[in-house]
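Visitor: Mind looking at a prediction? Sequence and model below.
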Amino acid sequence: MQLMRLTLFTDYSLRVLLVLATRTDSLVTIADLSKAFDISNAHLMKVTHLLGKSGWVETVRGRNGGMRLAAHPSKLRIGTIVRHLESDFALVECFGDDNRCVLTGGCELAAVLARAMQAFLDELDRYSLADLANASPALMVLPLWQAVTWHAPVRPPSIEVVPGVAQALLSEPAARPRGKRAG
C-alpha cells in the first residue's frame, strides 16, 4: 500500500507541475486543480507544500494567492523530479535499508533490477517538464479559468494511454527465441 501512495503522490505532483508549466502568467489555486482533476484539496495541499519546499513552485498566500512555477519548464528534468518525490525505489528487499535477504551479494536479480531502474530513470532524464507539456494537448483544454500562456507547438503524445494500456505494457513480452537476449 505504501508504494501506491507514493506513486499517486508523484502522479499528482507531476500533474500540478504540468498545469503550472502551461499557465505561467497567473496563479493557480489548489481549489482550481482539485476541481479540474477531481483530487481532494488535502492531497493537493501536501503536494503543493512539498513542491514549494523543493523550490520548483512559488506559493503566494492570501485571498488572491495560489501557485506558479518558479523555474522555466525546460529546466526541470522529469528524472530529477521523480527522484526527489519518490523516497523508496526498493523493488526488492536487498535495495532497502533493512536488508535481511540471505541471497544478498550472490543474486543476479538485484543486478538486473538495478540496471532496469537505471534505464527507467535515464529515460525520464531525457525529458523536461516543457517536453511533456508540449506533448500533452489535454492540458490546453483543462477546465481552468487561467489562460494557457506558455507552450510550444503542441504535438500528440508518443503513445496513447487509456485504461488497460498500463496493464498491457506490464504484461509478459512475447516469447523470445532461446539463447538470444533483448537489446
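Guide: On my side now, so go ahead. Numbering: from 1, shown residues only.

Visitor: so Asp97 sits in a helix?
Guide: No - counting by DSSP: H, G, I helix; E, B strand; the rest coil, Asp97 falls outside a helix, being coil.

Visitor: tally of neighbours for it?
Guide: Taking other Cβ atoms under 10 Å as the neighbour definition, Asp97 ends up with a count of 6. In short, each C-beta sits where N, CA and C put it, glycine included.

Visitor: confidence score at it?
Guide: Note for Asp97: predicted pLDDT of 80.

Visitor: List the contacts of it.
Guide: For Asp97, no residue counts as a contact, taking Cβ atoms under 8 Å, 6 or more residues apart in numbering as the criterion.

Visitor: could you pull out the helices for this protein?
Guide: Shown for the chain, the helices assigned by DSSP state H span residues 2-22, 30-37, 41-54, 78-85, 108-125, 129-134, 165-170.

Visitor: Let me know which of these is the nearest to Val60.
Guide: When the helices of the chain are ranked by proximity to Val60, the top entry is helix 41-54, at 10.2 Å, counting by Cβ to Cβ.

Visitor: Only C-alpha atoms, please: export the closest one in CSV.
Guide: Presented in CSV, the C-alpha positions along helix 41-54 are these (Å, rounded to 0.1, in the frame of the first residue of the first chain):
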residue,chain,number,x,y,z
ASN,A,41,-7.8,19.5,-1.5
ALA,A,42,-6.0,17.7,1.3
HIS,A,43,-3.9,15.6,-1.1
LEU,A,44,-3.1,18.7,-3.2
MET,A,45,-2.1,20.7,-0.2
LYS,A,46,0.5,18.1,0.7
VAL,A,47,1.7,18.0,-2.9
THR,A,48,1.9,21.8,-3.1
HIS,A,49,3.8,22.0,0.2
LEU,A,50,6.5,19.7,-1.0
LEU,A,51,6.7,21.3,-4.4
GLY,A,52,7.1,24.7,-2.7
LYS,A,53,9.8,23.3,-0.4
SER,A,54,11.6,21.9,-3.4
